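A.B. asks: Fold the following, please.
(chains A and B)
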Amino acid sequence: MLPAVTNEAHEVVLRTKGLVKRFGSITAVDGLDLEVRRGEVVGLLGPNGAGKSTTIGMVLGLITPTAGSAEVLGRDVRARREDALAGVGAMLEVTSFYPYLSGRDNLAAVAILRGGGALSRIDPLLARLGLQQRGGSKFRTYSLGMRQRLGIASTLLADPALVILDEPANGLDPAGQREIRELIRELAAENRGVLLASHLLYEVEQVCDRVLVIKKGKLIASGTIAEVTRGGSSYFEIVVADKRRAAEVLRGLGVKEIRETPSGLDVVADPERGAELNRTLASAGLYASAIVPRASSLEDVFMELTEPEAPSAPPAS
Amino acid sequence: MLRLLRSEIYRLVRRWMPWIMLALIVITAFVLYFLIWASVNAQLQAVKSGAIPAPPGGTAQFDEALREIAPDRVAQFGVGIVAGLGSVMLIVFAASHVGTEFGWGTFRTLLAHGASRGGFLFSKAVSLFLYAVIFMVVGTIAAIGASYTVSAVAGISPGSGVDLGQVFEVAAKSGYTFLPYMAFALAIAVWAKSAGAGIAAGLVVYFAEGLVATILISLNKDYAQIVNWGLSRNASALTRTATSVQGQDPSFATLPDPTQAAIVLGVYCLIFLAVAYWRLRSRDVTVGS
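C.D. replies: Below you'll find the predicted structure:
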């Protein structure tokens, strides 16, 4: 159940302005502006090396920006790091805890550091993340999935307004991934802002209200899932026996792209051209068993947006 | 910052390494006291029975060696054992205490949970200092206990007994001389993000610097003007006054003034901690750091 809406609802919990990070000659993040509000889950997408973890590192004050700023709850992270991070729970891509301590003791070590009643949240969080049975076991004995769960539990010790999760579903089985998706939605329902960096596009599609796609450190697309996928191509899945001839015939219609599939062809074309495709194939004696209009998924759009540029042609001699 | 220190101590008391080191120093004190008595006594009995010839001067040197075990000599002998072993153990511990945070990736975790870099270094330095104090106290008590126990077993007169004031003054001065070496090991561990590097560098400086200083002074006493600004000479100056043992080493005559030595060692601690802080502050913390 959603908590009562307070005057804090929809407050911006994270805002970056013109965030830039250069490592020598490499620009890892290039003028990134982003916002996360209370009650929403924002997905941060990008291929490996796109700058997601560097962005999170700058938000947490682990990495010093070359330019720009990051604010949490209106507090500048560079100028007032400890104040700013008091409202943040973050789980980094690699979950690291003390191997000689139990899961519970690791949470206690973080809770002491956090203060403010965090110690009293340990047992409820272990239960919430399904770790109550293994809370007393040493961290070094934990599986990858259990380490991830402990990492997520640690983010909630300080009852944060902003939760940052970098690849939280790493190492989790499908049931565990579903639990984490549900947990993320619960966090948003508790009026927290969630920034989720993930490679699992299905996961992002399921839980995120908005997505930000970055490539080479630059924001290349942002909006709700519907807005972002609207920018992608719609296509028809055509089931046909003679794929080669069908492709020749359809090329004559000037369609944008034809991809061969095991059962036929995927033809990228405007949604209203279905009847025309059907008629053209039939008049060429090619009868399709099915012509199904499809919209691009987030994965399709992500692949289109982030695919590497084709190498430029060598100059004519 | 105090919350980070509390968290540091919470983790420290749950780690095996500090407890094992305390157990080792206690066991070592008892074992060394017992072995020295057993060894000297065996030679003494052999001389008395005629199995081996008596050394020039008779058995007086054996009696003097056995006197070292007596409680009234703990300040010189017992604390010397604790300091000799403790210095190496505390250098190793200092480097491990900091370096493992980088190896385990927990430095990033602490920072991500709001810890500051200055707070991290402060909590490490304070917890190391507290541990060094506890280590010296436990080691010194163990040496006193070993002295009384072995003296009783061996029938050695306790003499005037332990002068606790003198013993703990010597222990405090010895412990103080370890601090710059620990700070150096800490600084190297931070710089290299590695416990191993801190241990190696700390031990090399600890053993090699004093040796080089002694060789240089034996070549030319004027070199004392230079090496007296190093760690080992200042540490020696402080422990020499602590133990009131002049020793046979002629280079002792050129040792710096004890007060100056204490100040120089303190300044070294501050320099090493400042270097560690500067390195920590200027570093981007990414995966693997």
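A.B. asks: contacts and neighbour counts: CA atoms only from here.
C.D. replies: OK.
A.B. asks: can you list the domains in chain A?
C.D. replies: A:12-230, A:235-295 (automatic domain parsing).
A.B. asks: For the residue in the stretch 151-289 of chain B that chain A sits nearest to, list the residues it contacts.
C.D. replies: With C-alpha to the nearest C-alpha, the shortest gap between the stretch 151-289 of chain B and chain A falls at residue B:284, namely 4.5 Å. Residue B:284 is in contact with A:62, A:63, A:64, counting by C-alpha atoms under 8 Å, 6 or more residues apart in numbering or on different chains.
A.B. asks: among the domains of chain A, which is nearest chain B?
C.D. replies: domain A:12-230 (4.5 Å).
A.B. asks: Whether the closest one contacts chain B - can you check?
C.D. replies: Yes. Counting by C-alpha under 8 Å from any C-alpha of the partner chain, contacts between domain A:12-230 and chain B involve A:54, A:57, A:60-64, A:81-82, A:85-86, A:88-92, A:94-101, A:109-110, A:112-115, A:155.
A.B. asks: Give me the subset of those that lies in strands.
C.D. replies: If you go by DSSP state E, the residues of domain A:12-230 next to chain B have A:88, A:89, A:90, A:91 in strands.
A.B. asks: mind putting those residues in JSON lines, distance to residue A:142 and neighbour count included?
C.D. replies: Below are those laid out as JSON lines (distance: C-alpha to C-alpha, whole Å; neighbours: other C-alpha atoms under 10 Å in any protein chain shown):
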{"residue": "A:88", "distance to residue A:142": "25", "neighbour count": "30"}
{"residue": "A:89", "distance to residue A:142": "21", "neighbour count": "27"}
{"residue": "A:90", "distance to residue A:142": "20", "neighbour count": "27"}
{"residue": "A:91", "distance to residue A:142": "17", "neighbour count": "28"}
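A.B. asks: would JSON lines of those with pLDDT be doable?
C.D. replies: Conversion of those to JSON lines gives the following (pLDDT from 0 to 100):
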{"residue": "A:88", "pLDDT": "91"}
{"residue": "A:89", "pLDDT": "92"}
{"residue": "A:90", "pLDDT": "91"}
{"residue": "A:91", "pLDDT": "90"}
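A.B. asks: Which residues of chain B lie near chain A?
C.D. replies: B:3-4, B:6-8, B:10-11, B:14-15, B:104-106, B:108-116, B:283-287.
A.B. asks: how does it look with 7 Å?
C.D. replies: B:3-4, B:6-7, B:10-11, B:15, B:104-106, B:109, B:112-114, B:284-285 (C-alpha under 7 Å from any C-alpha of the partner chain).
A.B. asks: ok so, going back, among the domains of chain A, which is the most enclosed?
C.D. replies: The highest average neighbour count among the domains of chain A, using mean count of other C-alpha atoms under 10 Å in any protein chain shown, belongs to domain A:12-230 at a mean of 20.
A.B. asks: Nearest spatial neighbour of the residue nearest the centre of chain B, chain-adjacent residues omitted?
C.D. replies: Closest residue to the average C-alpha location of chain B: residue B:87 at 2.3 Å, with C-alpha atoms, centre = their mean. Among residues not flanking residue B:87 along the chain, residue B:178 sits closest, at 5.8 Å (C-alpha to C-alpha, 6 or more residues apart in numbering or on different chains).
A.B. asks: number of nearby residues for the one you found?
C.D. replies: Residue B:178 has 24 neighbours, counted by other C-alpha atoms under 10 Å in any protein chain shown.
A.B. asks: Using CSV, lay out the domains of chain A together with distance to residue B:163.
C.D. replies: Output for those, formatted as CSV (distance: least, C-alpha to C-alpha, whole Å):
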stretch, distance to residue B:163
domain A:12-230, 41
domain A:235-295, 89
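A.B. asks: Could you identify which of those has the lowest mean pLDDT?
C.D. replies: Least confidently modelled of the domains of chain A is domain A:235-295, at a mean of 85 by mean pLDDT.
A.B. asks: By residue count, what's the longest helix in the chain?
C.D. replies: Using chain A here. helix A:174-189 (DSSP state H).
A.B. asks: Chain B was what I was after
C.D. replies: When chain B is parsed with DSSP H, its longest helix is helix B:117-154.
A.B. asks: Just the helices from the chain, written as ranges.
C.D. replies: No chain was given, so I picked chain A. Using DSSP H, helices in chain A cover A:52-59, A:81-85, A:103-114, A:122-128, A:144-155, A:174-189, A:201-207, A:225-230, A:243-251, A:274-283, A:298-306.
A.B. asks: Wait, chain B was what I had in mind.
C.D. replies: With DSSP H as the criterion, chain B has helices spanning B:2-12, B:16-49, B:60-67, B:78-103, B:106-112, B:117-154, B:164-192, B:195-219, B:224-227, B:231-243, B:258-281.
A.B. asks: Mind listing what's buried along the shortest one?
C.D. replies: Spelled out, that is helix B:224-227. B:224, B:227 (16 or more other C-alpha atoms under 10 Å in any protein chain shown).
A.B. asks: With only the CA atoms kept, save it in CSV.
C.D. replies: Output in CSV follows, covering the C-alpha atoms of helix B:224-227 (Å, rounded to 0.1, in the frame of the first residue of the first chain):
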residue,chain,number,x,y,z
ALA,B,224,75.9,10.9,12.8
GLN,B,225,74.8,14.4,11.9
ILE,B,226,72.9,13.0,9.0
VAL,B,227,71.6,9.6,10.3
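A.B. asks: Quick one: mean pLDDT for it?
C.D. replies: Helix B:224-227 comes out at a mean pLDDT of 80.
A.B. asks: just checking, what packs against it?
C.D. replies: Using 3 or more C-alpha pairs under 7 Å, 6 or more residues apart in numbering or on different chains; DSSP states H and E, no helix or strand is in contact with helix B:224-227.
A.B. asks: Go again with 8 Å.
C.D. replies: Contacts defined by 3 or more C-alpha pairs under 8 Å, 6 or more residues apart in numbering or on different chains; DSSP states H and E place helix B:224-227 against helix B:195-219.
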